[in-house]
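1. turn this into a model:
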Amino acid sequence: MPSKSGALLVSLAAALSVTGAERRTDPTFLRRSLREAKEVLSDVTTATCRYRPLFGEGDPDASAPRGIARFGELTLSPGGASAVVAYEREEQVYVVLEGEGSVRYGDTTHPVRAGDFLYLPPTVRHGLVASEEKSCRAIVMGFRIPSKLALEAPPALLIANIGDVPKQTVGSHPSSTLYQLLMGSVSSQRDRLAAARVLTSLFIMEFLPSGTNAPHHHDREEEIYFVLSGQGQMVAGGGLDGIEGRHPAQAGDAYFFRLNCTVGFYAGDAAGRERARILAVRSLYPFP
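-> From the prediction side, this is the model:
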């Protein structure tokens with residue numbers, strides 16, 4: 001028979017084991033891929049509209065992003081339509097990747113085509129419809145609006161096309177990466193659309209062969225990278241030098257980066273391949 005002290009140590013070890021098993025640490029980054037993402041039912045899905053979550057709503061680690069409510073792929077069959085929705089305190093952005101159709105914005109309807117990106121503010125009812133001839137595929141992003149921010153919907157739909165946004169170098173980033181600055185906050189002076197309250201920057205990066213945007217981090221923003229084309233190495237996490245965490249990445253791969261997580265990308269040599277292009281979005285962390 002064990003002594004009282006031995007029994008106490010066994011009980012303590014068991015308690016610590018349970019506590020350790022229950023404790024969960026937020027991931028520094030999340031890695032997802034459209035090749036593996038499963039379709040789920042959501043408030044926008046219908047018989048002709050499917051949704052595959054990558055981050056946020058519908059994802060097993062939905063609680064990891066704090067300001068990002070959702071990020072995923074919406075696919076509509078030809079002639080299909082999503083459900084019409086509105087969110088009390090969530091702003092959304094749609095980026096149309098393929099096809100064409102129309103978007104409902106309040107009581108109005110507007111045509112959309114591949115390459116369009118649009119801002120959908122809180123409280124405004126909206127939905128996507130595919131043309132009768134083609135299916136439509138779009139990336140859907142949602143960002144939680146803190147209660148302290150007043151809600152102001154623009155009087156008309158804010159929409160533009162990626163093809164109309166010039167490519168340029170940006171700040172201290174290497175010249176081997178060209179940026180298309182698509183959308184920023186309402187105070188933005190550099191982006192094609194100055195629209196958002198929580199989203200701070202929506203942009204596309206195009207990498208020259210073996211190019212990079214130089215690993216870095218953000219201490220006030222969460223960020224998502226979604227690979228549109230090409231391949232390379234995604235930098236996520238970091239070692240002693242901050243850039244050791246490299247992961248093979250190709251079209252359809254997506255990464256969520258927590259605050260202060262090292263983030264970056266190194267493109268392949270692109271010999272006989274498409275240039276690497278990444279759709280990226282940054283948004284404010286909901287600090288108290």
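2. so where is this structure shaky, pLDDT-wise?
-> Low-confidence segments of the chain (pLDDT under 70): 1-24, 271-272.
3. tell me the contacts of Ala267?
-> Contact analysis of Ala267 by C-beta atoms under 8 Å, 6 or more residues apart in numbering lists 176, 207-212, 230-232, 275-276. Where you see a C-beta, it was placed from the backbone N, CA and C, and this is true even at glycine.
4. kindly state the beta-bridge partners for it.
-> Counting by DSSP bridges, Ala267 is bridged to Gly232.
5. Tyr94 looks like it's in a strand, true?
-> Yes. Assessed by DSSP: H, G, I helix; E, B strand; the rest coil, Tyr94 belongs to a strand.
6. that one reaches Val103, doesn't it?
-> Yes. Assessed by C-beta atoms under 8 Å, Tyr94 is found in contact with Val103 at 7.1 Å.
7. mind checking how far Phe117 is from Val84?
-> Phe117 sits 20 Å away from Val84, going by C-beta to C-beta, to the nearest Å.
8. what do you get for Ile145?
-> To Val84, Ile145 is 20 Å away according to C-beta to C-beta.
9. the more surrounded of the two?
-> Neighbour count, other C-beta atoms under 10 Å: between Ile145 and Val84, Ile145 has more, with 23 against 14.
10. residues contacting the closest residue to that one other than its chain neighbours?
-> In this structure, Ile145 finds its nearest non-sequential neighbour in Arg89, 4.3 Å apart by C-beta to C-beta, 6 or more residues apart in numbering. Neighbour list for Arg89: 122, 144-147, 151 [criterion: C-beta under 8 Å, 6+ apart].
11. among those residues, which one is most surrounded by other residues?
-> Ile145 (23 neighbours).
12. ok, what's across the strand from Val93?
-> With DSSP bridges as the criterion, Val93 is bridged to Tyr119, Met141.
13. contact partners for it?
-> With C-beta under 8 Å, 6+ apart, Val93 has these contacts: 117-120, 140-141, 183, 196, 199, 202, 281.
14. who is the residue nearest to Leu76 when sequence neighbours are not counted paired with across the strands?
-> Once flanking residues are discounted, Leu76 sits nearest to Ala130: 3.9 Å by C-beta to C-beta, 6+ apart. With DSSP bridges as the criterion, Ala130 is bridged to Gly101.
15. kindly report the same for Val281.
-> Leu202, Ile224.
16. how about it, what does it touch?
-> Counting by C-beta under 8 Å, 6+ apart, Val281 makes contact with 71, 93, 141, 199, 201-203, 223-224.
17. helices of the stretch 1-150 of the chain, residue ranges please.
-> 4-22 (DSSP state H, counting those that start in this stretch).
18. can you give me the strands in it?
-> Shown for the stretch 1-150 of the chain, the strands assigned by DSSP state E, counting those that start in this stretch span residues 29-33, 49-56, 68-76, 90-98, 100-105, 108-113, 116-120, 126-130, 136-144.
19. picking up where we left off before, adding distance to Gly237, write the contacts of Arg89 out as a markdown table.
-> What follows is those, written out as a markdown table (distance: C-beta to C-beta, whole Å):
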| residue | distance to Gly237 |
| --- | --- |
| Pro122 | 33 |
| Arg144 | 25 |
| Ile145 | 29 |
| Pro146 | 28 |
| Ser147 | 33 |
| Leu151 | 36 |
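20. just flag the most distant two among the contacts of Ala267.
-> Ser176 and Gln231 (15.7 Å; C-beta to C-beta).
21. which SSE is Ser210 in?
-> Under the criterion of DSSP states H and E, Ser210 resides outside all helices and strands.
22. what's the residue nearest to it when sequence neighbours are not counted sitting at in phi/psi?
-> Distance criterion C-beta to C-beta, 6+ apart; nearest residue to Ser210, sequence neighbours excluded, is Asp269 at 5.3 Å. Here the main-chain torsion angles of Asp269 (degrees, to the nearest 10) amount to phi -80, psi -10.
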